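Trainee: give me a model of this one.
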Amino acid sequence: MKYTLITAAAIFAGAAQAGGIYTEIESNDSIATSNFIGAFSAPGGSVAVDAVLSLDDVDWYGFSVSNTATLSFFASFSNGLGADGVMQIVDSTGDVLAFDDDSGVGLLPAIQISNLAAGTYYLSVGGGGGANNTGQYDLTVRIVTPIGDIPGRMMALKIGDPQWQVSDFVQFTGPLDAAAAVPFSVGLNPLFNPMHSPATGTGLGVLMTTDTPHLTDYSVELRTAMGMRGKANGATFPAADIIDPGAMYVGFSISPTATATTGSSGDFMDGPILPQSVYPLAIELDFEVGGMAIPELHTEYTIVYGGGSSVDGSSHEHAFAAVRANAGTPPADLVADYSWEYTVLDSNSEGYTFSIPFTLQ
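Mentor: Prediction:
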């Protein structure tokens, strides 16, 4: 089935990079010849490995953990759709702690290990066989912290120790109108200012009017705006509602934590802010059905700070996405469990990964 993705959140450009970057050095085909990619210590730490896999090749990497931590590991192949890989984690004696074939995007591997004790460990990446499982791939290793559900239905993990939070989200169906598709314009696209942009259409525009200023509490701004405009924040929707011209919308807010830096923003002279030093904020998005990513929707974006040099930072940010099925799609073909899979990282490679599930019936 074919979907169209419309996304907006300040200015989008380029792909995200995760923390330090390491380039694989051959030959690393065994534990004894593994590439050491770094030492990790909670609460933060991440590394991205740029590597190449040849036919029948297995790449080994070593790393250490200085204190008990939860780590995530995932690989992405440049071959994209159809690429197949396997991954395993072993301890210093060679005992296998975890193995995965296709828990990641498509047929690619992903592993998360909780409460990994201090020590030295090894990670291997191999292909599933065949030419499509060779070539360049990216391996990412991160320390993550389970933090429970974000208000709503987000299941989240914290990466590092960010001084900002994913604090709010909305999810609803409605028409995908021209106003919602206008990119990168604060004046024309109400996605950017959900509480005080002019109403410019029948989709997201119906949530906004000129007489609704920002709330003082930015962490509930989106839900409040949606409620004011009569939109129900749901988790189960009729499949027919997302068929063109209908669409499924999802949005979330980014706001400072209670211990965040204070300073000036476009909304106040002094208060908690997202300082300019945390930008750009990189957003990676997958749209999944039954745990499998739909390749057309695997997208990476970056929120670049646009407030100018006259202020210290931003009071908050919003990010939105919309998805719809082609006109004429039988609703029965869309009935399934879905989820939006997000990773949001700041310039320090700290942030969150979270899932927003919903069901079409």
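
Trainee: low-confidence ranges, the stretch 51-200 of the chain, go.
Mentor: The stretch 51-200 of the chain contains residues with pLDDT under 70 at 77-83, 104-106, 128-134, 145-155, 176-200.

Trainee: where do the helices of it begin and end?
Mentor: Ranges of helices within the stretch 51-200 of the chain are 178-181, based on DSSP state H, counting those that start in this stretch.

Trainee: before we move on, what about the stretch 201-350 of the chain?
Mentor: Listed in chain order, the helices found in the stretch 201-350 of the chain under DSSP H, counting those that start in this stretch are 221-228.

Trainee: quick one: low-confidence parts of it?
Mentor: Within the stretch 201-350 of the chain, the segments meeting pLDDT under 70 span 201-217, 224-232, 290-302, 305-309.

Trainee: and the strands in it, which stretches?
Mentor: Under the criterion DSSP state E, counting those that start in this stretch, the stretch 201-350 of the chain carries strands at the ranges 236-237, 246-256, 262-263, 271-272, 274-275, 281-289, 292-293, 299-303, 313-314, 317-325, 336-345.

Trainee: most packed of those strands?
Mentor: Across those, averaging neighbours per residue (mean count of other CB atoms under 10 Å) puts strand 313-314 on top, at a mean of 26. Every C-beta, even on glycine, is put in place using the N, C-alpha and C of the backbone.

Trainee: partner strands of it, with direction?
Mentor: Looking at strand 313-314 with DSSP bridges, its partner strands are strand 274-275 (antiparallel).

Trainee: distance to Y121 for the strands of the stretch 201-350 of the chain - can I get that in TSV?
Mentor: What follows is the strands of the stretch 201-350 of the chain, written out as TSV (distance: least, CB to CB, whole Å):
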stretch	distance to Y121
strand 236-237	41
strand 246-256	33
strand 262-263	40
strand 271-272	38
strand 274-275	34
strand 281-289	25
strand 292-293	27
strand 299-303	28
strand 313-314	38
strand 317-325	34
strand 336-345	23
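
Trainee: which one of those lies closest to Q163?
Mentor: Closest of the strands of the stretch 201-350 of the chain to Q163 is strand 246-256, at 6.6 Å (criterion: CB to CB).

Trainee: can I get that closest one as PDB, trimmed to CA atoms?
Mentor: Extracted as PDB, the C-alpha positions of strand 246-256 are listed here (Å, rounded to 0.1, in the frame of the first residue of the first chain):
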ATOM      1  CA  GLY A 246      -8.400  12.300   4.900                       C
ATOM      2  CA  ALA A 247      -5.200  11.800   6.900                       C
ATOM      3  CA  MET A 248      -3.800  10.800  10.300                       C
ATOM      4  CA  TYR A 249      -2.000  13.600  12.100                       C
ATOM      5  CA  VAL A 250       0.500  13.200  14.900                       C
ATOM      6  CA  GLY A 251       2.400  16.000  16.700                       C
ATOM      7  CA  PHE A 252       4.500  16.400  19.800                       C
ATOM      8  CA  SER A 253       6.000  19.300  21.800                       C
ATOM      9  CA  ILE A 254       9.600  19.800  23.100                       C
ATOM     10  CA  SER A 255       9.900  21.900  26.200                       C
ATOM     11  CA  PRO A 256      12.600  22.600  28.800                       C
END
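
Trainee: each with direction, which strands does it pair with?
Mentor: Looking at strand 246-256 with DSSP bridges, what it pairs with is strand 164-175 (antiparallel), strand 317-325 (antiparallel).

Trainee: columns distance to V311 on top of the ones you listed, output as a markdown table?
Mentor: Formatted as a markdown table, the strands paired with strand 246-256 follow (distance: least, CB to CB, whole Å):
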| stretch | distance to V311 |
| --- | --- |
| strand 164-175 | 16 |
| strand 317-325 | 14 |
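
Trainee: out of the ones you listed, flag the one nearest I37.
Mentor: When the strands paired with strand 246-256 are compared for distance to I37 using CB to CB, the nearest one is strand 164-175, at 27.1 Å.

Trainee: tell me the angle that closest one makes with strand 281-289.
Mentor: For strand 164-175 against strand 281-289, the angle by axes from the mean of the first three to the mean of the last three CA atoms, to 10 degrees is 50 degrees.

Trainee: quick one: strand 164-175 to strand 336-345, angle?
Mentor: Interaxial angle of strand 164-175 relative to strand 336-345 (the same axes, to 10 degrees): 140 degrees.

Trainee: list the contacts for the closest residue to D50 other than its chain neighbours?
Mentor: Distances taken as CB to CB, 6 or more residues apart in numbering place T23 nearest to D50, at 5.0 Å, with adjacent residues excluded. Residues in contact with T23 (CB atoms under 8 Å, 6 or more residues apart in numbering) are 49-51.

Trainee: quick one: neighbours of T257, just the number.
Mentor: Around T257 sit 15 other residues, with neighbours defined as other CB atoms under 10 Å.

Trainee: that one contacts D161, correct?
Mentor: No. Under the criterion of CB atoms under 8 Å, T257 makes no contact with D161, lying 9.7 Å away.

Trainee: Throw the contacts of T23 into TSV and include neighbour count and distance to L97, thanks.
Mentor: Formatted as TSV, the entries for those read as follows, by neighbours: other CB atoms under 10 Å; distance: CB to CB, whole Å:
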residue	neighbour count	distance to L97
V49	23	19
D50	12	25
A51	22	21
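
Trainee: could I get those residues as JSON lines with distance to R324?
Mentor: Formatted as JSON lines, those follow (distance: CB to CB, whole Å):
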{"residue": "V49", "distance to R324": "36"}
{"residue": "D50", "distance to R324": "35"}
{"residue": "A51", "distance to R324": "36"}
